[in-house]
Structure formats: structure tokens, C-alpha cells
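Participant: This is a predicted model, with the sequence first.
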Amino acid sequence: MREYTERIREAAKRLLSEQRVDTVIGFRRGTVPFMNEPFLVKSVDQVDQLYWDSNCGINLANYLPKRTDRVAVVAKGCDSRNIVVHLLENQIKRDQLYILGAPCRGMVDKRRMMADLKGKEPLHAEENGKEIKVSGRGFQVTFDRQTYLQSNCAICTHRNPVVYDELLGDPVEEQQGVDRYPDVRRIEAMSVDERWRYFQELIAPCIRCYACRNACPLCYCPTCFVDESRPQWVGKTIDPTDTLTFHFLRAYHVAGRCTDCGSCERACPVGIEVRKFTKKLEKEVKELYGYEAGVTPDQRPPLDTFKPGDPEPFIK
């Protein structure tokens, strides 16, 4: 996907020169391998810093809520779905946006590649089609890009942007017949006690840094429930009860809104599979209401609408 780099730069230069936008939100190459960083371009002389490859996993829709300027944003499939959610939730206006759609073949999992380097320090990484060549002092390793996709990208069924003003490349073939929920079904098959132990062990490493919340484009509340003190909804310690309460409540907050972009897991410094919470709720919403977040721009999420025919199995 490196071919998008020049197209992004050309589009950014054109949009800024013509004064059609005030800001372009994209990525620039990070100072270390696998760590490209979000970059807000406000002048033409910054355009050449824009960059794109398989390490642009952060969801740029996170930078859109409540903006007052005119902005162009580079959007993968999941980013574009979050933009749709933001539009539905009145977090930004469509006429403020110029969406540069980036058909996506998936982002790579930097944590897995680092693990397979077994302590070797990568100093340079270069993507070349289906391969990623990583080198450092005294070594060079080639990774197969497809093998090291993020787990959410490996099962993604909406790789092409659902809304855009300009497409940066030809649409990619969407994955068909993907089973998105084998891990959820394994947890569902557990007994109540087994599930309780599973989730306790899952969140045991959590240090309550809130990186998952901060990286999530749906967590835009002015004051998060964990920061409230009057009343205090949840304790601020790393006690297992407080920690599990945080993760469960955050998951319920994004129910019917989460696009499974993977930003939460990518941001977690201790490698917790945070998506285990949100995927269960995604599965329930899809099975009950036939709804996928952000896929249809004019369809509101099921949890903020009512239809007489809605399923009500919880009413006895």
C-alpha cells in the first residue's frame, strides 16, 4: 500500500493550495520501525512528510469530533465506518469533511513481529508488496505481510471505505465467508464460573492507563465515567473489581457503534485482547438486529431507535 503515499501527498497539496481545507489528517513515518504517527498538515510545505504503509493502524476518525475547521482525512474501511458513526452522532458535519478513501489490505501486528525478532532491535523496516524487510545490527529478516496482519484485519469484511470524496486506489476484493466469532463462541460455551475466571485472567495485566479508551474514536465524552468524582461510578484502583467494571462498562458504551478497528488492542501497552469484550456485543447486535456499525450512512444504530418489531427476548 506504499503507492498511496504519493497520491496522499498530491491530494493534500491540491486541497491546501486551493484552500478547500484547512487541515489534512494523515500519517508520517515514525522515528522507529512499525510506529507511524498521526500527522496534521496545515501548510503545503509539510505535505512531503505524509506517508502510508501497513503501519497506519491508528483510526484517524479519533481526531474528528467537535472540529470546527474544514478537514481532509485519510480513511481506511474501518476509519470510514467510524466517520459515518460520527456523522450520525452529530460529532462533525459532512460539509466540513473531504474524505480520502484508502482501500485497505490490512495493517500489520507490530507486537507479533517484535516477538518473533526475539529481542533483536529493528532499526529499519521497508514494505515491498507482500513482504516486509526488517534489519538491524547484524541481521535482516523478511516477514510475510499477510501472515502478520492484525487479528481484526485478518477477519475484516469491509476493507473498502464506505464513504469517500476521492479514492486513492482501486477497490480491493472484500473477504467472503469469514467467520468473525469463533473466539466469542468458545467463551459462550464456557460455564459461568469458567467465564468469570477467563475474564479475570484476561484483564489481570491491566494497569488502568486508559490507552484503549484514548485510542478509541467512539470515546469522545467530555468527561469519561471513570473520571467522574460526583458521583464516583467506579473505583480508580487496579483492584480486579474496579478494572473489570471499567472494561465492561466501556464495552457496553460502544455496543452497536464499534467497527472493530482494533485501535484499542493496538494501543494497549500490556497486550490485553480488549476486543473480546466488544466482539461479543457486535455479534449480539448483528444477530438481533442485522446491523453493522457505520456501514450504512443513513441508518441509525439500533440502540438509539425503536421499531415495533424489535426482538424482545428479555421480556418474560
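Facilitator: Perfect, thanks for sending it.

Participant: my read is Val85 is in a strand, agree?
Facilitator: No - under DSSP: H, G, I helix; E, B strand; the rest coil, Val85 sits outside any strand and is assigned helix.

Participant: Could you find the closest non-adjacent residue to it?
Facilitator: Gly294 (4.7 Å; Cβ to Cβ, 6 or more residues apart in numbering). C-beta coordinates here come from the backbone N, C-alpha and C atoms, glycine included.

Participant: okay, now the one you found: neighbour count?
Facilitator: 27 (other Cβ atoms under 10 Å).

Participant: That one reaches Thr259, doesn't it?
Facilitator: Yes - at 5.2 Å, Gly294 and Thr259 qualify as touching, with contact defined as Cβ atoms under 8 Å.

Participant: overlap in contacts of these two?
Facilitator: Residues touching both Gly294 and Thr259 by Cβ atoms under 8 Å, 6 or more residues apart in numbering: Arg81, Asn82, Val85.

Participant: Neighbour count added to those residues, as JSON lines?
Facilitator: Formatted as JSON lines, the shared contacts of Gly294 and Thr259 follow (neighbours: other Cβ atoms under 10 Å):
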{"residue": "Arg81", "neighbour count": "29"}
{"residue": "Asn82", "neighbour count": "27"}
{"residue": "Val85", "neighbour count": "21"}
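
Participant: Distance to Gly129 and pLDDT added to those, as JSON lines?
Facilitator: As requested, those are arranged in JSON lines below (distance: Cβ to Cβ, whole Å; pLDDT from 0 to 100):
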{"residue": "Arg81", "distance to Gly129": "27", "pLDDT": "97"}
{"residue": "Asn82", "distance to Gly129": "28", "pLDDT": "97"}
{"residue": "Val85", "distance to Gly129": "33", "pLDDT": "96"}
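
Participant: from these, which is closest to Met114?
Facilitator: Nearest to Met114 among the shared contacts of Gly294 and Thr259, counting by Cβ to Cβ, is Asn82 at 26.8 Å.

Participant: residues in contact with the helix or strand hosting the closest one?
Facilitator: For Asn82, the element it lies in under DSSP states H and E is helix 77-88. Outside helix 77-88, the residues that touch it by Cβ under 8 Å, 6+ apart are 59-62, 64-65, 73, 75, 92-94, 97, 99, 101, 103-104, 152, 156, 158-164, 217-218, 257, 259-262, 293-297, 300-301.

Participant: Then stretch 11-29?
Facilitator: Outside stretch 11-29, the residues that touch it by Cβ under 8 Å, 6+ apart are 8, 36-44, 47, 49-52, 56, 58, 60, 63-64, 69-74, 98, 100, 166, 168.
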